[in-house]
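>>> give me a 3D structure for the following:
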Amino acid sequence: MLLYIHGFNSSNQSDKAVQTAQYIQQHYPNLTFHQPQVPTSIHDAMALLTALTERAVAEGEPVRFIGSSLGGYFASFLAEKYGGKAVLVNPAVKPYDLFEEFLGDQYNPYTGEHYQVVDEDRIAVAEYDTNVIRHPDRFLVLLQTGDEVLDYRQALHKYHCCELHLEPNGDHSFVGYEQQLDKICRFLQLP
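The predicted structure follows:
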C-alpha cells in the first residue's frame with residue numbers, strides 16, 4: 001500500500017498528488033494506492049490516515065508513504081509507528097509553531113472549503129511529533145533551499161541521519177517533483 005498525504009490547505013488534486021497517481025497507475029497498476037482528501041481537523045486527519053494504514057497492516061501489506069509539507073510530518077509519524085518507508089517532500093518539522101499564524105478563518109482554494117484553525121489544532125498536531133527519528137533507514141527526505149514556506153534547515157537538522165536529497169533554489173512545491181518519481185519509487189521498493 002502506498003499512501004500519498006498532501007499538505008496543509010492543499011488537496012488530493014494538487015500537482016504532486018496527481019503526478020504521483022498518474023505515475024503509479026502507469027508503472028505500478030496493481031499497487032494499492034490511496035490519495036485521500038485529508039480533513040482539516042488534525043484528529044480527523046490522523047484518524048483517516050491511521051485507519052488506512054492499519055487496514056493495510058492487518059492485511060499483511062507493506063506500508064509506504066509519500067508526504068508533502070504537513071503530509072510529510074504525518075508520514076514521519078506513521079512510518080515510525082507502523083514501519084514501512086516514507087518519502088518526505090519539504091516536510092514540516094514543527095507545524096505546531098506555525099499554526100499560530102494561521103489561527104482563525106481559512107479557505108482552501110483547491111476544495112473551496114471555509115474552515116477555522118483553532119488553538120486546539122496546534123495542540124493536537126504536537127501529539128504526532130516524532131522528536132527523534134529512531135529508524136532513519138525508513139526515510140528519504142527531498143528538500144529545496146528555496147522553500148518559501150518552511151525553513152529547509154529544520155528538516156536538514158531533524159533528518160540528518162536519513163537519506164537526504166537537497167537541491168538549491170526551488171520552492172515549497174518542490175520544483176521538478178515529477179522527475180524524482182523514479183527515485184522515490186525505487187527507495188520505497190515498490191513491487
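>>> how close does S14 get to I5?
Using CB to CB, to the nearest Å, S14 is found at 11 Å from I5. From N, CA and C alone the C-beta is placed, and that goes for glycine too.
>>> of those two, give the one with the bigger neighbour count.
Ranked by neighbour count (other CB atoms under 10 Å), S14 and I5 place I5 first, with 30 against 18.
>>> would you map the helices across this protein?
Along the chain, the stretches classed as helices by DSSP state H are 15-27, 42-58, 70-82, 95-98, 119-126, 152-158, 181-187.
>>> got the buried residues for stretch 180-191?
180-181, 184-185, 187-188, 190 (16 or more other CB atoms under 10 Å).
>>> dump those residues to CSV, plus distance to D121 and pLDDT.
As requested, the buried residues of stretch 180-191 are exported to CSV (distance: CB to CB, whole Å; pLDDT from 0 to 100):
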residue, distance to D121, pLDDT
Q180, 30, 98
L181, 31, 98
I184, 29, 98
C185, 33, 98
F187, 31, 98
L188, 30, 98
L190, 33, 94
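>>> got the residues you listed as TSV, with distance to V141 columns?
Below are these laid out as TSV (distance: CB to CB, whole Å):
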residue	distance to V141
Q180	12
L181	16
I184	11
C185	16
F187	10
L188	13
L190	18
